[in-house]
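> okay, structure incoming, though there's no sequence with it:
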């Protein structure tokens, strides 16, 4: 009686903790995100036409300075304009590839207009394409810039963000037609930039400087990616969104927007906060959940790399950049610098996967990059997550549906762990066979629990029963569950991947809801205070809960009343717990439970133990008095 009371108190306290967390943390966080999104939309709506010259200024990006590594002072915050207005405000070169569309601004020679034509905002194929880059002056500027900065003591006139370049050759950038941009500073220096692109997401930028002036000049090549304002992030600890790079011997560097804001001031610029590295064989950029932008310099180049942020009006700008070693260009000589830019979706086959057995080469192998596959956040348990993704991808290309691939991988996992599960279920079958002996112990020693435990352990030892064997099947599921959750959550291949029926996106929760009678009642129960977050219970979570309940009923009833109470409530708790998880994960769990029931029934029969699933279910609905 005391144990049962303690369990009930523990359950009540756990529920209070969940409610408190929901009320004091989750709801304020959701409200904060809602207000931020609303403010962003209102800012976009209030955008005015770009008649003001201030709206066409270069923006807040700052090229690295050879004599002042920190950021320059930011420009004043200008009125926000609509994206199409900002694009039309400067002459441009069109970008047209099977996966990317957009343009290069001749003003500043920036790549600042990119959309991913193969990816849409929603599951509706007619919805707008995902916008990656936007010009300065819009609500969410995001762009890449390349160029040269003068060494200390050099006073040459160099192109900057306000310089208008001349276009030569092709009128559009395609995988077969590069574009050439030219700028003459009128003082003997001619800058020429050739930009090419492949049929995926890789830009190649080749810069040349010809000196026909009266004196040698010393210049340093640079490249930067700038983003104005911190974007809305998923906010999950298992996923990194923010600044990222692999910088030679310093290895993988990941900093969220918040961490960069909390960094120490950069030397020479107290308003800019960030970090610096000196590295060879590195890359760096900014990553979102599914998209990324990364600078890929020559693997032999020595870099002065930085991550930093600085204020620009009411927001902060975030920048990843690098500076290469200086080049002295003699009279009549030419200097050159090559770099690459990745700007697109983090597809595993494009980015690359390093794995001993299987995997994809992608850019990581093709370009000889340093762990570029880590642009996809595989997590600490990558040795489980990567093979899980490779298995899903293999079956997907075999059957054409990621949902079916999940079912097939579940069967494969069951086969791999069959020997261990076989021992576990065999032990559970023996435990069921000795239930009468355990019940007799309670009658023999009703007031001596210590004696009950001693005699029980003797029975287990005699019958060669492992009392914790029943936990093994659940324990085996944990790493598989986590790896599948990670794959569903972070890989773009799972984004908007349909199953059958009402599941149009395996990476999103089941859209149906029991509390709206599956669409008959037109209201959103999830908006209710405190408990609303838990009132999203779809059809597949209910199926999962039912299969888990069947699995519990197949197992022998625990002799301890506390354990009986816990196991009795577990299916209901898991049903609500997993309701908000990706539908693909819930489908996996339901299918895994079903296979476990079939497997356990088979093993019990083989060990001569009666399968009493139907009897146990019947007993559940018959009162003790009737019994």
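The structure has been received and is ready for your questions. Because the structure is predicted, anything quoted here is derived from the model rather than measured.
> what count of nearby residues applies to residue 502?
15 (other C-beta atoms under 10 Å). The way it works is simple: take the backbone N, C-alpha and C, and place the C-beta from them, glycine included.
> for this structure, list the residue farthest from the centre, please.
residue 444 (58.1 Å; C-alpha atoms, centre = their mean).
> what helix or strand is the closest residue to that residue other than its chain neighbours on?
Nearest non-adjacent residue to residue 444, counting by C-beta to C-beta, 6 or more residues apart in numbering: residue 455, 7.9 Å away. Here residue 455 sits within helix 449-463, counting by DSSP states H and E.
> again, but for residue 591
Element membership for residue 591 (DSSP H and E) is helix 583-606.
> buried residues in that helix, which are they?
Residues of helix 583-606 classed as buried by neighbour count (16 or more other C-beta atoms under 10 Å): 583-597, 599-600, 603-604.
> any idea how far that helix is from the chain center?
Taking C-alpha atoms, centre = their mean, to the nearest Å, the mean C-alpha location of helix 583-606 is offset from the chain mean by 29 Å.
> avg pLDDT for that helix?
Average pLDDT, helix 583-606: 85.
> ok so, going back, dump the residue contacts of the residue nearest to residue 444.
The contact partners of residue 455, by C-beta atoms under 8 Å, 6 or more residues apart in numbering, come to 441, 444, 445.
> in CSV: these, plus distance to residue 110 and pLDDT.
Formatted as CSV, the contacts of residue 455 follow (distance: C-beta to C-beta, whole Å; pLDDT from 0 to 100):
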residue, distance to residue 110, pLDDT
441, 79, 78
444, 85, 82
445, 82, 79
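> so can I have a markdown table of the residues you listed showing secondary structure and distance to residue 223?
A markdown table is the format used below for these (DSSP: H, G, I helix; E, B strand; the rest coil; distance: C-beta to C-beta, whole Å):
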| residue | secondary structure | distance to residue 223 |
| --- | --- | --- |
| 441 | helix | 75 |
| 444 | helix | 81 |
| 445 | coil | 78 |
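> which one of the residues you listed is nearest to residue 248?
The closest of these to residue 248 turns out to be residue 441 (C-beta to C-beta; 66.0 Å).
> quick check: residue 299 touching residue 372?
No: counting by C-beta atoms under 8 Å, residue 299 stays clear of residue 372, with 10.6 Å between them.
> in terms of neighbours, single out the busier of the two.
Looking at residue 299 and residue 372 with other C-beta under 10 Å, you find the greater number of neighbours at residue 372, namely 22 against 14.
> contact partners for the closest residue in space to the more buried one that isn't next to it in sequence?
In space, residue 372 comes closest to residue 364 once its chain neighbours are excluded; the distance is 4.0 Å by C-beta to C-beta, 6+ apart. Counting by C-beta under 8 Å, 6+ apart, residue 364 touches 351, 352, 353, 354, 371, 372, 373.
> in helices, which of those appear?
Within these, residues falling in helices by DSSP state H are residue 351.
> name only those of the contacts of residue 364 that count as buried.
351, 352, 353, 354, 372, 373.
> among those, which one has the lowest pLDDT?
residue 354 (82).
> ok, that one to residue 348 distance?
11 Å (C-beta to C-beta, to the nearest Å).
> please apply the same query to residue 290.
As judged by C-beta to C-beta, residue 290 and residue 348 stand 12 Å apart.
> for the strand or helix carrying residue 427, which helices and strands make contact with it?
If you go by DSSP H and E, residue 427 is part of helix 418-433. Applying 3 or more C-beta pairs under 8 Å, 6 or more residues apart in numbering; DSSP states H and E, one finds that helix 418-433 contacts helix 472-490, helix 583-606.
> and those helices as TSV, adding distance to residue 91?
Formatted as TSV, these follow (distance: least, C-beta to C-beta, whole Å):
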stretch	distance to residue 91
helix 472-490	39
helix 583-606	46
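> nearest to residue 552, out of these?
The nearest among the helices and strands packed on helix 418-433, by C-beta to C-beta, is helix 583-606 at 9.5 Å.
> could you give the angle of that closest one to helix 418-433?
60 degrees (axes from the mean of the first three to the mean of the last three C-alpha atoms, to 10 degrees).
> and helix 583-606, what other elements does it pack with?
Using 3+ C-beta pairs under 8 Å, 6+ apart: helix 583-606 touches helix 402-416, helix 418-433, helix 472-490, helix 539-554, helix 561-578.
> Throw these into JSON lines and include distance to residue 196, mean pLDDT and mean neighbour count, thanks.
Output for the helices and strands packed on helix 583-606, formatted as JSON lines (distance: least, C-beta to C-beta, whole Å; pLDDT from 0 to 100; neighbours: other C-beta atoms under 10 Å):
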{"stretch": "helix 402-416", "distance to residue 196": "34", "mean pLDDT": "91", "mean neighbour count": "18"}
{"stretch": "helix 418-433", "distance to residue 196": "53", "mean pLDDT": "72", "mean neighbour count": "19"}
{"stretch": "helix 472-490", "distance to residue 196": "30", "mean pLDDT": "79", "mean neighbour count": "19"}
{"stretch": "helix 539-554", "distance to residue 196": "47", "mean pLDDT": "87", "mean neighbour count": "21"}
{"stretch": "helix 561-578", "distance to residue 196": "48", "mean pLDDT": "77", "mean neighbour count": "16"}
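> quick one: closest of the ones you listed to residue 149.
That would be helix 472-490 among these, by C-beta to C-beta, at 36.4 Å.
> quick one: list the elements packing against that closest one.
Going by 3+ C-beta pairs under 8 Å, 6+ apart, helix 472-490 lies up against helix 382-399, helix 402-416, helix 418-433, helix 583-606.
> could you list the residues in contact with that helix?
For helix 472-490, contacts defined as C-beta under 8 Å, 6+ apart pick out 236, 238-239, 289, 376-379, 381, 384-385, 388-389, 392, 406, 409, 413, 417, 420-421, 423-425, 494, 506-507, 581-582, 584-585, 588-589, 592, 596.
> that one versus helix 382-399: what angle between them?
Using the same axes, to 10 degrees: helix 472-490 against helix 382-399 is 70 degrees.
> what about the helices in the stretch 51-200 of the chain?
83-88 (DSSP state H, counting those that start in this stretch).
> pLDDT weak spots in it?
51-60, 65-78 (pLDDT under 70).
> can you give me the domain assignment for the protein?
47-377, 385-620 (automatic domain parsing).
> now for the spatially closest residue to residue 589 that is not a sequence neighbour: which residues touch it?
Take residue 589 and drop its neighbours on the chain: the residue closest to it by C-beta to C-beta, 6+ apart is residue 544, 5.1 Å away. Going by C-beta under 8 Å, 6+ apart, residue 544 touches 574, 575, 578, 586, 587, 589, 590, 593.
> state the distance from residue 81 to residue 104.
Taken as C-beta to C-beta, the span from residue 81 to residue 104 is 19 Å.
> more neighbours, those two?
A count of neighbours by other C-beta under 10 Å puts residue 104 above the other of residue 81 and residue 104, at 28 against 25.
> just checking, the more buried one touches residue 96?
No: using C-beta under 8 Å, residue 104 makes no contact with residue 96, being 11.5 Å away.
> where do the contact lists of those two overlap?
With C-beta under 8 Å, 6+ apart as the test, residue 104 and residue 96 both reach residue 173.
> quick revisit: any idea which of the contacts of residue 455 is closest to residue 518?
Using C-beta to C-beta, these come closest to residue 518 at residue 441, 48.4 Å.
> could you give the number of residues near residue 380?
For residue 380, using other C-beta under 10 Å, the count is 9.
> could you look up the SS state of it?
Under DSSP: H, G, I helix; E, B strand; the rest coil, the three-state class of residue 380 is coil.
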